[in-house]
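*Asks:* This is the structure alone, sequence omitted:
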């Protein structure tokens, strides 16, 4: 990974390809790479869809190596949804492939002068970019099929669906998984709209003829990797819970904890959540004769394998095993308790290229506005289909919960910095509320997953319903996460490294053996802080203040059943999160 | 004006009426009253449609007296459009009537628990509030007809149309004129949505049995009023231009100056602007046998009389003589050069209760997105009709240009703080660009009308295409305007008081004779600064920074023909406007 691919989409005479050396960006990966480039090169007050914005796609520091779990990729830009900096993170195959091809980042710059749609092809021989308007308004599934027909089965794709082409603020970027399906998404913040504004429909990657990135110290690397994998297998979450039931293992847990946002964040438990739980999902998948759970990683080198496939009633592939966040967003939050409906919604979102969290939150807001009844699955499907059609209603919904709430006159809209909250009510898990409020990313559970310590007993224990200890917890997690997001490692390794000192040491050893450095835990922390500071600085220059680090007022006033609790962390305390 | 009427719409058991003494608010009027109450009583981070927001309606200091031009009224709240403080200002009869009834302000607080629509009736005997759901989704014209049938012809109404009931951010509040037509609007910032969120459809005012507010010193008052009126009659703008052609006298002038935003701010001149100019409008109105121009003031006591009536082709009343801003917004900005089309759009906006500036800017953005062709009048009419229907598209458009641009993926959206720019391109009149950028209100020409000095040669002369002198000009105008908006005086008096020292002195004498004070010019300035500071402070607490005091980037990059000029005032200079 010794080069950066820059494509100026707005160059005179058509897109211009440039291969840059790493320069100042040497040593950075993933989120550290995307956020550093965006903070340095994008004017913070620019329009997110303008030529001044840049879309940065960066494999992690370890991506392309044989390190376990190292296949995550980061996408960065100024967000059309939040107006601040954005790093959206995805699995899939492209990260490993780009790493093997030596690209530390792809940077899409400028804006095409004509209204054309481009395909970019990258292999060991170089980079090619062509107009291909036949791709116009294809869904991600059809698009990938077309790419397979043109380039064979050994490729990986980074693409947008209709939502990205329409430049909707809920648009995602899809990354194909090991089965070459567009099921892994950099979902949050409208990164797909920025790719759409650059006129790029798909980046096809073929890593044939490349090999894994070699470590500086192969023996130490191998040993550290072994210890790291053993640590992941040993921990109950990464070794048992996630493989057995996938991320959806959380549904029953969070609902029982009274922190499961139900009916547009009106209740903290969903009465019929068992019907859509990970347990029910596993039973259904197994009964339908698919490969069942615990069969899929989202990328080469995954050993947790928390994914699977979801077959429809007729036994045909419908979508990947639906993730917890999606089951919640399209399920409990809309009072829908039918896994087949939820899986169809997941498939539609993946195909249109939409963030499932944002869409679920948006449909619930639309339901509160009376556009459909809570619990009406067919109505929810029809609403999401509007986005694919590009109808006025569809464009509105595809623009996310904040705008939908404004246009439909709804006051109760669960967003921070314009981005919808994920599947944990901040009143029931006060620590995640601190992360939602103060993250540079808008409401984002992955930015500092306090649920681990508030509910799951990982990394110690902080009582979920009390404000005490949440600031420090969220701060430490946000710092650690920013670092992990830079390594290319799946965030789920955090469960094991938070609880098992030797697994954290194995991770450090792995990084050091690979890079030839001798980083300590403090160095990793320092990297996390550096990333957050760059992001905060960008947001400040974009006009964000501490008033943006707040939950909507109603979380402080409306009591959430069953605990009948409001969000209790004070504004003054929230302002201490980023004091480091 | 010794009392404040407060109605808590959210009280247990239904709305609760309370008559307050003035207390801390004694001596304030108009904008000084609304902004002081909002800044003091509304939590700056509250949701604009929440129970915590307040809608304040306040006659000016001199309203209800016999002072000429004193019938303007201010409406204040936290704006659903900008997220900051809002004062929207209107003519019509209610200001004089409320003044005579002794109300210095009406404050609507809280939020009804049930989904009911209320009518408030105010006369000399007191205040009555009743549920009247038969008013639901009436346009302002039908509503006022209904009120006339119930309460006779001597009333005045303050009301919302369908847009306000739908809580759209482009919704206005209508004030009836001397002919009891809902043609005068507090247009900007979505104040109608806040009235809608309070569940109040209409406030009916009957001032029968009251008399004009008596001045402290009747002889001085009479004399000062005479001098003041003479001054207004003497000045070419207030004595000739405005009476002869109405505000639309500006169309030819601004287009010739190359500052007339045409085709969604792409050009600075409109080739066929003569067809929609004030001159053409006067000819048309006279030819159709109506009362012609120079026949209407918008309120009792107006001596400029810049309004008139617009009859349709069959000689029937259609709307008031359409104002310059509306002729531009629905005309030149959309490349529509047909006065009959524009008048129909004005009528629709008034009926649905929509800000004509915001709607015109929004239609132009929709045209740029391809929803209709520039110049297609029937398509524009159809689009505005969607708002009245409450269709999804209509709700979107009624939410204003900023949100419409986001949902339709348009980058060139001429807004500041989310509010659409009025009828002067900030590149062609750099002084008004400074006001747009730095006003507490979002893009607003009335907040500091630098066009006067940049183009019309009033109040001295500052070259329109150069950055030099614009900061000081805008600063002084913003301060003076905040003061004038507090007196209840029509802002058009500014032309005369800026050019004629004796007319300014007559205004001071008028205020002093009325109130028994001895204010100097410095005191008036101090009042203006005090109002602006309260507004700025509110906005800061709501999370605004200097980044919000900026024009969209493209005004700094895209050259405006015919002068081929960008906005040249630097960010650093903009940050000096409010240093006083």
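*Replies:* Perfect, I can see it now. Source: prediction; values computed, not measured. Residues are numbered from 1 along each chain as shown, chains lettered A, B, ... in the order given.

*Asks:* burial of residue A:147, as a residue count?
*Replies:* The local packing of residue A:147 (other C-beta atoms under 10 Å in any protein chain shown) involves 24 other residues. Just so you know, the C-beta spots here come from the backbone N, C-alpha and C atoms, and that holds for glycine as well.

*Asks:* Also the one 3 residues further on?
*Replies:* Other residues near residue A:150 number 12, with proximity taken as other C-beta under 10 Å.

*Asks:* for residue A:123, same thing?
*Replies:* Residue A:123 is surrounded by 18 other residues when neighbours are defined as other C-beta under 10 Å.

*Asks:* And for it, nearest residue in space, chain neighbours not counted?
*Replies:* Spatial nearest neighbour of residue A:123, excluding adjacent residues (C-beta to C-beta, 6 or more residues apart in numbering or on different chains): residue A:206 at 4.1 Å.

*Asks:* Could you report the pLDDT at that neighbour?
*Replies:* At residue A:206, the pLDDT value in this model is 98.

*Asks:* Kindly report the same for residue A:2.
*Replies:* Reading off the per-residue confidence, residue A:2 sits at a pLDDT of 92.

*Asks:* Just confirm yes or no for stretch A:442-458 near chain B.
*Replies:* No. In terms of C-beta under 8 Å from any C-beta of the partner chain, no part of stretch A:442-458 sits within range of chain B; the closest distance is 14.2 Å.

*Asks:* List the buried residues of that stretch.
*Replies:* By neighbour count, and taking 16 or more other C-beta atoms under 10 Å in any protein chain shown as the criterion, the buried residues in stretch A:442-458 are A:442-456, A:458.

*Asks:* Give the burial count for the spatially closest residue to residue A:379 that is not a sequence neighbour, as a bare number.
*Replies:* With sequence-adjacent residues excluded and distances taken as C-beta to C-beta, 6+ apart, residue A:379 is closest to residue A:372, at 3.5 Å. For residue A:372, the tally of surrounding residues (other C-beta under 10 Å) stands at 20.

*Asks:* which ones are touching residue A:372?
*Replies:* The contact partners of residue A:372, taken as C-beta atoms under 8 Å, 6 or more residues apart in numbering or on different chains, are A:363, A:366, A:379, A:380, A:382, A:383.

*Asks:* Please report which of the residues you listed has the highest neighbour count.
*Replies:* Neighbour count (other C-beta under 10 Å) singles out residue A:380 as the most crowded of these, with 30 neighbours.

*Asks:* Using the three-state scheme, assign that one.
*Replies:* In three-state terms, and counting by DSSP: H, G, I helix; E, B strand; the rest coil, residue A:380 is helix.

*Asks:* check contacts around it.
*Replies:* Counting by C-beta under 8 Å, 6+ apart, the residues that residue A:380 touches are A:330, A:334, A:336, A:341, A:345, A:363, A:372.

*Asks:* Swap in 10 Å and give it another go.
*Replies:* The contact partners of residue A:380, taken as C-beta atoms under 10 Å, 6 or more residues apart in numbering or on different chains, are A:330-331, A:334-336, A:338, A:341-342, A:344-345, A:348, A:359-360, A:363-364, A:366-367, A:372-374.

*Asks:* And for residue A:354?
*Replies:* Residue A:354 touches A:140, A:161-164, A:168, A:170-172, A:174, A:185, A:187, A:190, A:192, A:345, A:348, A:360, A:362, A:384, A:387-388, A:397-398, A:400, counting by C-beta under 10 Å, 6+ apart.

*Asks:* Then residue A:196?
*Replies:* By C-beta under 10 Å, 6+ apart, the residues touching residue A:196 are A:49, A:55, A:80, A:117, A:160-168, A:171, A:173, A:190, A:353, B:409.

*Asks:* try it again with 6 Å
*Replies:* Neighbour list for residue A:196: A:160, A:164, A:165, A:167 [criterion: C-beta atoms under 6 Å, 6 or more residues apart in numbering or on different chains].

*Asks:* Distance check, it against residue A:108.
*Replies:* 11 Å (C-beta to C-beta, to the nearest Å).

*Asks:* For the lengthiest helix in chain A, which outside residues touch it?
*Replies:* Looking only at chain A and at elements set by DSSP state H, the helix with the highest residue count is helix A:521-541. Residues from elsewhere that reach helix A:521-541 (C-beta under 6 Å, 6+ apart): A:31-32, A:35-36, A:39, A:44, A:84-85, A:440, A:479-480, A:482-483, A:580.

*Asks:* For the residue nearest to residue A:123, what are phi and psi?
*Replies:* Geometry field for residue A:206 lists phi and psi as phi -130, psi 110, criterion degrees, to the nearest 10.

*Asks:* Kindly present the contacts of residue A:372 as JSON lines, with separate columns for pLDDT.
*Replies:* Rendered in JSON lines, the data for the contacts of residue A:372 read as follows (pLDDT from 0 to 100):
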{"residue": "A:363", "pLDDT": "98"}
{"residue": "A:366", "pLDDT": "98"}
{"residue": "A:379", "pLDDT": "98"}
{"residue": "A:380", "pLDDT": "98"}
{"residue": "A:382", "pLDDT": "98"}
{"residue": "A:383", "pLDDT": "98"}
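
*Asks:* Distance to residue A:74 added to the residues you listed, as a markdown table?
*Replies:* A markdown table is the format used below for the contacts of residue A:372 (distance: C-beta to C-beta, whole Å):
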| residue | distance to residue A:74 |
| --- | --- |
| A:363 | 28 |
| A:366 | 31 |
| A:379 | 36 |
| A:380 | 31 |
| A:382 | 34 |
| A:383 | 30 |
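
*Asks:* Where does the nearest residue to residue A:381 once chain neighbours are set aside sit, in terms of helix or strand?
*Replies:* Counting by C-beta to C-beta, 6+ apart, the nearest residue to residue A:381 once its immediate chain neighbours are dropped is residue A:344, at 5.8 Å. If you go by DSSP states H and E, residue A:344 is part of helix A:339-352.

*Asks:* quick one: buried residues of the following helix or strand past that helix?
*Replies:* Proceeding N to C from helix A:339-352, the next assigned helix or strand is helix A:356-368, under DSSP H and E. Neighbour-count burial for helix A:356-368 flags A:356-368 (criterion: 16+ other C-beta under 10 Å).
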